[in-house]
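In: Just need the structure, nothing else, for what follows:
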Amino acid sequence: MEFGDKTVIVTGGAKGIGRATVLAFAREGARVAIVDLDAAAGAALAEPLGERGRFVRADVTRADEVERAVAGVVAAFGGIDVLHNNAGIQHYGTAIETTEDEWDRVLAVNLKSMFLMSKFAIPEMIKRGGGAIVNTASVQSYYNQRRVCPYAASKAGILGLTRSLAIDFAKDNIRVTAVCPGSVDTPMLHYAAETLVGGDADDVIRGWGEKVLLGRVGRPEEIAETVLFLASPRASYITGSAHLADGGLLSGF
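Out: This next block holds a predicted model:
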């Protein structure tokens, strides 16, 4: 039970990579707070975790709701040791096609939320003598497909935020890293297949997987295991860095 005495917050924890990460931390004994807007999915995920699970409905783009969510987790579990900033949305469009509201929304959910969650969680980690933050970035932090203007900007920004947090809080024994998934079989990937290509999303995703060195798209559980490693004492000398979990996608370009 690697996280048996730890409290973990996972944003965007109700579905996809976040859900898999919640279950992985719970398997390793952690007390896990699921922060999401989807109350039905979040509550259903937390329920079987019993006293070691808690769902907190919050809009992570709003400082007041983030502050309330963090305070609620501290009240319930006594502190915070690990933060997995995972909330994210996608939007397709060029700079001309994308409205200002669409740009603002993607940047708020994907990047501003990580700033806000870190802002309010880090003081609680300092009280505990340290902690770990793992941010979900993307292969598109490095290389972009077409028509992902706000998404790519947000994911590139996550790497800068990760480095800044690592530099500023290393003295407090807080490590900050990023995981950069490639194509992973999540609701977001199905949305991408339906939006960009159309037809049978499963067929489209299989085709995308064939372009990866390992011959398939990733599973959410595989990204979750990377997050667990980065948050664990096994990664005690790792901070300020980003880690590809892409099945060799970028190596094959």
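
In: When you work out contacts or count neighbours from here on, use the C-alpha atoms and nothing else.
Out: OK.

In: Give the partner strands of the strand ranked longest in the chain in its sheet and their orientations.
Out: Longest strand of the chain, by residue count under DSSP state E: strand 174-181. According to DSSP bridges, strand 174-181 has the following sheet partners: strand 131-136 (parallel), strand 242-245 (parallel).

In: Of the ones you listed, which is nearest Thr177?
Out: Within the strands paired with strand 174-181, the stretch nearest Thr177 is strand 131-136; the backing value is 5.0 Å (C-alpha to C-alpha).

In: The following helix or strand past the closest one versus strand 174-181: what angle between them?
Out: Next in sequence after strand 131-136, counting helices and strands by DSSP states H and E, comes helix 149-169. Using axes from the mean of the first three to the mean of the last three C-alpha atoms, to 10 degrees, the inter-axis angle of helix 149-169 relative to strand 174-181 is 160 degrees.

In: how about the helix or strand of the chain with the lowest mean pLDDT: buried residues?
Out: Within the chain, no helix or strand scores below helix 187-196, which has a mean of 86 by mean pLDDT, DSSP states H and E. By 16 or more other C-alpha atoms under 10 Å, the buried positions in helix 187-196 come out as Met188, Leu189, His190, Ala192, Ala193, Glu194.

In: Any chance you could list what contacts that helix?
Out: Residues outside helix 187-196 that contact it (C-alpha atoms under 8 Å, 6 or more residues apart in numbering): Lys15, Gly16, Ile89, Gln90, Ser183, Asp200, Ala201, Asp202, Val204, Ile205.

In: Repeat that for stretch 218-233.
Out: 2-3, 16-18, 20-21, 24-25, 82, 84, 132-134, 177, 179, 181-186, 235, 238, 245-247.

In: what do you get for stretch 16-34?
Out: In contact with stretch 16-34 (C-alpha under 8 Å, 6+ apart) are residues 1-14, 42, 45-46, 49, 52-56, 73, 77, 86-87, 185-188, 220-221, 223-225, 227-228.

In: Among those residues, name the buried ones.
Out: Buried, going by 16+ other C-alpha under 10 Å: 3, 6-14, 42, 45-46, 49, 52-56, 73, 77, 86-87, 185-186, 188, 220-221, 223-224, 227-228, out of the contacts of stretch 16-34.

In: Run the chain-centre distance for whichever helix or strand comes after the least confident helix or strand of the chain.
Out: Going down the chain from helix 187-196, the next helix or strand is helix 201-209, by DSSP H and E. Counting by C-alpha atoms, centre = their mean, to the nearest Å, helix 201-209 is centred 23 Å from the centre of its parent chain.

In: Ends of stretch 25-42, what's the gap?
Out: Terminal residues of stretch 25-42 are spaced 15 Å apart (C-alpha to C-alpha, to the nearest Å).

In: that's a strand at Ser251, yeah?
Out: No: Ser251: not assigned to a strand; according to DSSP: H, G, I helix; E, B strand; the rest coil it is helix.

In: ok, now how distant is it from Ala242?
Out: Counting by C-alpha to C-alpha, the gap from Ser251 to Ala242 is 15 Å.

In: Would you map the strands across the stretch 1-150 of the chain?
Out: 7-11, 31-36, 53-57, 82-85, 131-136 (DSSP state E, counting those that start in this stretch).

In: contacting residues for Asn135?
Out: His84, Asn85, Asn86, Met114, Ile158, Thr162, Val176, Thr177, Ala178, Val179.

In: Lovely, talk soon.
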